[in-house]
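1. Fold the following and give me the result.
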Amino acid sequence: MDIAVVGAVADGHALVGAAEALSPDVIVSDIGMPGLDGIEAAKRLLCRDRAARIVFNGTRNAAERLGIHPNTLRFRMKKLGVV
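-> Below is the predicted model:
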């Protein structure tokens, strides 16, 4: 399987724009991005494309800063239709 990085962004607003413009097969997003966090960016992307596949990375601190206990993140993503 070949993997190609088709874009890189610095914040959540740019992530939404790049995902719409590039239509990647998979989006890898940091949870705690500046401006618009990864969770909110995912919500916007999923409103436009329910089939979007999004993988999150981040630290326990980033999740907690957003009020997300790391053990509940998978549950919340299921509710969004991500996993």
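
2. Skip ahead from the host helix or strand of residue 41 and say which helix or strand is next.
-> Under the criterion of DSSP states H and E, residue 41 resides in helix 38-48. For helix 38-48, the following helix or strand on the C-terminal side (DSSP H and E) is strand 54-57.

3. Which parts of that next one count as buried, going by neighbours?
-> 54, 56 (16 or more other Cβ atoms under 10 Å). In this view, the C-beta of every residue, glycine as well, is placed from N, C-alpha and C.

4. With stretch 39-53 instead?
-> Using 16+ other Cβ under 10 Å as the test for burial, stretch 39-53 gives 39, 40, 41, 42, 44, 45, 52.

5. And stretch 1-16, by the same measure?
-> 9, 12, 13, 14, 15, 16.

6. can you put the residues you listed in CSV and add pLDDT?
-> Output for the buried residues of stretch 1-16, formatted as CSV (pLDDT from 0 to 100):
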residue, pLDDT
9, 95
12, 93
13, 96
14, 96
15, 95
16, 95
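
7. Can you list which of those are found in helices?
-> Among the buried residues of stretch 1-16, DSSP state H puts 12, 13, 14, 15, 16 in helices.

8. of those residues, closest to residue 58?
-> When these are ranked by distance to residue 58 (Cβ to Cβ), residue 12 comes first, at 12.4 Å.

9. Quick one: residues contacting the closest one.
-> For residue 12, the contact set (Cβ atoms under 8 Å, 6 or more residues apart in numbering) comprises 29, 33, 34, 35, 36, 37, 38, 40, 41.

10. Contact partners for residue 10?
-> 33, 34 are the contacts of residue 10 under Cβ under 8 Å, 6+ apart.

11. Tell me, how many residues neighbour the residue lying closest to residue 58 once chain neighbours are set aside?
-> Once flanking residues are discounted, residue 58 sits nearest to residue 31: 3.3 Å by Cβ to Cβ, 6 or more residues apart in numbering. When neighbours are defined as other Cβ atoms under 10 Å, residue 31 has 22 of them.
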